[in-house]
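Enquirer: I'll drop the sequence and a predicted model, then ask my questions.
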Amino acid sequence: QVQLVESGGGLVQAGGSLRLSCAASGRTFSTYAMGWWRQAPGKEREFVSTISASGRKYYTDSVKGRFTISRDNAKNTVYLEMNSLKVEDTAVYFCVAGGLDSTGFALKRRDGVDYWGKGTLVTVSS
């Protein structure tokens, strides 16, 4: 059973930066895709960014050029570096993982997510 624990959320002014971390446990981390989804107040949960075991990365259009996903297999951790934050980035950010040998591409769809973290709140003020 995979467990995902997020950290790094908080309050930041527009234009600022935050770095989210997700520590995974319970399986061989290096063999499955990881990523981030988010849910803004009153909105559906949505894909933000995913990374395959191979390191291939995917981003939703609204964060391209501002967010960077990375993973450290030795530390069983995936990161989301968020720069130039906007008010509309305000959301609960969830760490996600696919099944064994999953891909970052598949993790862009909700039915591709096998595991969810509990989420960390990011609030961007104007």
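Expert: Thanks, I have the structure now.
Enquirer: Could I get the contacting residues of the one residue sitting closest to the centre of the chain?
Expert: Taking C-alpha atoms, centre = their mean, the centroid of the chain lies closest to Trp36, which sits 1.9 Å from it. Counting by C-beta atoms under 8 Å, 6 or more residues apart in numbering, Trp36 makes contact with 20, 22, 48-50, 69, 78, 80, 93-96. Any C-beta I mention is one placed from the backbone N, CA and C, and that applies to glycine too.
Enquirer: For Glu6, which three-state class applies?
Expert: strand (DSSP: H, G, I helix; E, B strand; the rest coil).
Enquirer: separation between it and Arg56?
Expert: For Glu6, the distance to Arg56 equals 22 Å [C-beta to C-beta, to the nearest Å].
Enquirer: More neighbours: those two, which one.
Expert: Glu6 (21 against 12; other C-beta atoms under 10 Å).
Enquirer: does that one have beta-bridge partners, and which?
Expert: Counting by DSSP bridges, Glu6 forms beta bridges with Cys22.
Enquirer: On the three-state scheme, Ala53 is what?
Expert: Under three-state DSSP, Ala53 comes out as coil.
Enquirer: Check the burial of the nearest residue to it once chain neighbours are set aside by counting its neighbours.
Expert: In this structure, Ala53 finds its nearest non-sequential neighbour in Thr31, 5.6 Å apart by C-beta to C-beta, 6 or more residues apart in numbering. Number of residues near Thr31 (other C-beta under 10 Å) recorded here: 13.
Enquirer: No more questions from me, cheers.
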